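*Asks:* This is the structure alone, sequence omitted:
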């Protein structure tokens, strides 16, 4: 936000080219003949300055309320699948440095990251991602159960997710959102990494502002979630043969 402070209007000059300025009248002298008046004017000026400074300090600072945004990507349609007798645990997602905050990141030049001043995520993106992963994998019907790591349930597989990048890039116009997830499927019982994948999605923003970026993030996230579900379904099938139950 740019605040412009208007100064006093310029006064027209009273002088004209070739005109002489009238002689200035002598100023009256305070305290002429009386030394008691000579120190009163400086004290009066100091008291006035102190009063004005106190009024400025007591003025409350201007408060600008933040605009909060959330992840609402929607869910893809559920397809017929083969249910596996496996329990999948969703580990708490993490985020790379610079993206592990509720501040909304954007980039203008390569290797530089900045944040919007007023617009923010309602929570850190990594924390908002976890329930979306759980819901998407539950809706797939590919697993006997999908649990979170705090549930205390013994799991066969664990899904670890990291937000590698989540930013609105203004280096190109129109701007675009860049979402990169790194997912890893772990065999909990055998302590083996089953598979790892990097999922990258970009989406052009409808407008070059934070709201346009939020809409683009949710569109990119919807596609990324579908890829996470496919990744877990395909890679878990290599761990153990599926049961005969068809949904």
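*Replies:* Now that the structure is in, tell me what you want to look at. Predicted model, so just to flag it, every value in this text is computed and none were measured.

*Asks:* Could I get the full set of helices for this structure?
*Replies:* 40-58, 125-140, 210-237 (DSSP state H).

*Asks:* Could you point out which of these sits nearest residue 154?
*Replies:* helix 210-237 (16.1 Å; Cβ to Cβ). Placement of C-beta: from N, CA and C, glycine included.

*Asks:* If we go by neighbour counts, what in that closest one is buried?
*Replies:* 210, 212-222, 224-226, 228-229, 231-233, 235-236 (16 or more other Cβ atoms under 10 Å).

*Asks:* what angle separates that helix from helix 125-140?
*Replies:* For helix 210-237 against helix 125-140, the angle by axes from the mean of the first three to the mean of the last three Cα atoms, to 10 degrees is 50 degrees.

*Asks:* re earlier: could I get the helices of the chain as a markdown table with mean pLDDT and distance to residue 195?
*Replies:* Below are those laid out as a markdown table (pLDDT from 0 to 100; distance: least, Cβ to Cβ, whole Å):
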| stretch | mean pLDDT | distance to residue 195 |
| --- | --- | --- |
| helix 40-58 | 64 | 61 |
| helix 125-140 | 96 | 15 |
| helix 210-237 | 96 | 4 |
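
*Asks:* Low-confidence regions, this protein specifically.
*Replies:* Along the chain, the parts satisfying pLDDT under 70 run over 1-44, 47, 49-63, 76-82, 150-151, 240-247.

*Asks:* quick one on the thing from earlier: please produce JSON lines containing the helices of the chain, extended by distance to residue 193.
*Replies:* Below are the helices of the chain laid out as JSON lines (distance: least, Cβ to Cβ, whole Å):
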{"stretch": "helix 40-58", "distance to residue 193": "60"}
{"stretch": "helix 125-140", "distance to residue 193": "18"}
{"stretch": "helix 210-237", "distance to residue 193": "10"}
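
*Asks:* Do you have the strands of the chain handy? List them.
*Replies:* Taking DSSP state E as the criterion, the chain carries its strands at 67-69, 84-90, 94-95, 103-107, 114-121, 143-148, 157-169, 176-187, 192-204.

*Asks:* quick one: which of those is nearest residue 46?
*Replies:* The nearest among the strands of the chain, by Cβ to Cβ, is strand 114-121 at 38.9 Å.

*Asks:* Could I get the buried residue list for that closest one?
*Replies:* 116, 119-121.

*Asks:* Distance to residue 135 for the strands of the chain - can I get that in CSV?
*Replies:* What follows is the strands of the chain, written out as CSV (distance: least, Cβ to Cβ, whole Å):
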stretch, distance to residue 135
strand 67-69, 19
strand 84-90, 10
strand 94-95, 19
strand 103-107, 23
strand 114-121, 18
strand 143-148, 9
strand 157-169, 13
strand 176-187, 16
strand 192-204, 17
